[in-house]
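Peer 1: Provided below are the primary sequence and the corresponding predicted coordinates.
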Amino acid sequence: MSLEFKHEEFALFGPAGNSEDFYAAGNRTVFQVPEWLTEHGLSAFEYQCGRGVKISDDSARDFGALAAEKGIRLSIHAPYYISLSSTEEEKRDRSIEYILATLRAADCMGADRIVVHSGSCGQITRLEALDLASDTLKRAVKAADEAGYGHIRICPETMGKVKQLGNVDEVIKLCLIDERMLPALDFGHINAQSLGGYKTKEAIGGIFDKIHNKLGAERAKNFHAHYSRIEYTRAGEKKHHTMAETEFEPDFEPIAELIAERGLTPRIICESAGTQTSDAAQMQEMYRNFLNR
């Protein structure tokens, strides 16, 4: 399969869904998002289908056209209840259907990637969960190609709870299923699941090195990403916070510095709690300051 994807010259930034100030400013519908993002100097947006793919084909096309006019690059977060590693075959089959529904919306919208949760370990081992998830994802890729959605990249996401499938190594293994897949690196999740192990420049650089070595230069350069400060317990992720709540980890500064230094061009989606637009703009400014050094 050809990898003729459009790559960016610089990292792109934007929010996951709509922030509180979007509504406070009088906005009400998704069709107002592209203008809102342009006003904030942002060029990416992740449409949220966490609770199901509810947007109609026509609405998706209309929104996509408005986003394209403003140069906004789109992704979609697939439903949260996807379970690639469920021990129940029926749930895994339904998960493939949910992925296909998300891909359909992405195709109508002009989104070039979807983010998919990797799954849970539950009462089985991590290796058993990974084997189940791999089988489900292989079947999802086959179904996507048959449906004509092979041009949209599926992005398995790193997860935040200790018992969830989806540490960096597991996401890399899932991405080895097909060269079109991109890792969705959620830096807050990675740090929370490791109980604070990934908050330094050195540790984050090790993630980038591992992706380069395992998945190659193209995916190491153009990975998908989520960022927010995340509160965690011994079980991992507990709650998302804002950039201003500096008592929570990780800081974005070492991430921005590494991306700038290495010339990486990921799409970084901010998942701050209610302040994702302004925080995304702050992250973008930090990144650009490192570029200009």
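Peer 2: Structure received. Numbers count the residues shown, from 1 in each chain.
Peer 1: Please tell me how far Asn18 sits from Ala184.
Peer 2: For Asn18, the distance to Ala184 equals 20 Å [C-beta to C-beta, to the nearest Å]. Just so you know, the C-beta spots here come from the backbone N, C-alpha and C atoms, and that holds for glycine as well.
Peer 1: which of those two has more neighbours?
Peer 2: Using other C-beta atoms under 10 Å, the more surrounded residue of Asn18 and Ala184 is Ala184, with 31 against 20.
Peer 1: What segments of the stretch 151-293 of the chain are helices?
Peer 2: 168-175, 187-193, 201-215, 217-221, 253-262, 276-291 (DSSP state H, counting those that start in this stretch).
Peer 1: With respect to burial, which of those scores highest?
Peer 2: Neighbour counts (mean count of other C-beta atoms under 10 Å) averaged over each of those peak at helix 187-193, with a mean of 27.
Peer 1: for that helix, packing partners?
Peer 2: In terms of contacts (3 or more C-beta pairs under 8 Å, 6 or more residues apart in numbering; DSSP states H and E), helix 187-193 is packed against strand 224-227, strand 229-233, strand 236-241.
Peer 1: so which of these is the most packed in?
Peer 2: strand 224-227 (a mean of 25).
Peer 1: Can you list the strands that that strand pairs with?
Peer 2: strand 184-186 (parallel), strand 267-270 (parallel) (DSSP bridges).
Peer 1: Make CSV out of those strands and add distance to Asp279 and mean pLDDT.
Peer 2: Compiled in CSV, those are given as follows (distance: least, C-beta to C-beta, whole Å; pLDDT from 0 to 100):
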stretch, distance to Asp279, mean pLDDT
strand 184-186, 15, 98
strand 267-270, 5, 98
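Peer 1: closest to Gly236 out of the ones you listed?
Peer 2: When these are compared by C-beta to C-beta, strand 184-186 sits nearest Gly236, at 11.8 Å.
Peer 1: List the neighbours of the closest one that are in contact with it.
Peer 2: Strand 184-186 has contacts (C-beta atoms under 8 Å, 6 or more residues apart in numbering) with 115-116, 155-160, 168, 171, 207, 211, 223-227, 266, 271.
Peer 1: which non-adjacent residue is nearest Gly119?
Peer 2: Distance criterion C-beta to C-beta, 6 or more residues apart in numbering; nearest residue to Gly119, sequence neighbours excluded, is Ser85 at 3.2 Å.
Peer 1: picking up where we left off before, reformat the helices of the stretch 151-293 of the chain as TSV; add distance to Gly122 and mean pLDDT.
Peer 2: Below are those laid out as TSV (distance: least, C-beta to C-beta, whole Å; pLDDT from 0 to 100):
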stretch	distance to Gly122	mean pLDDT
helix 168-175	15	98
helix 187-193	16	98
helix 201-215	26	98
helix 217-221	29	98
helix 253-262	31	98
helix 276-291	30	98
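Peer 1: So the closest residue to Asp186 other than its chain neighbours versus Leu185, what's the distance?
Peer 2: Excluding its sequence neighbours, the residue lying closest to Asp186 (C-beta to C-beta, 6+ apart) is His226, at 3.9 Å. As judged by C-beta to C-beta, His226 and Leu185 stand 7 Å apart.
Peer 1: For the residue lying closest to Thr246 once chain neighbours are set aside, give me its contacts.
Peer 2: Leaving aside its chain neighbours, Thr246 sits nearest to Arg229 (7.6 Å; criterion: C-beta to C-beta, 6+ apart). Contacts here follow C-beta under 8 Å, 6+ apart; on that basis Arg229 touches 188, 240-243, 245-246, 248-250, 272.
Peer 1: what's the closest of those residues to Val53?
Peer 2: His240 (22.6 Å).
Peer 1: and the end-to-end length of stretch 31-46?
Peer 2: End-to-end span of stretch 31-46 (C-alpha to C-alpha, to the nearest Å): 14 Å.
Peer 1: and if you look at stretch 261-271?
Peer 2: End-to-end distance for stretch 261-271, by C-alpha to C-alpha: 24 Å.
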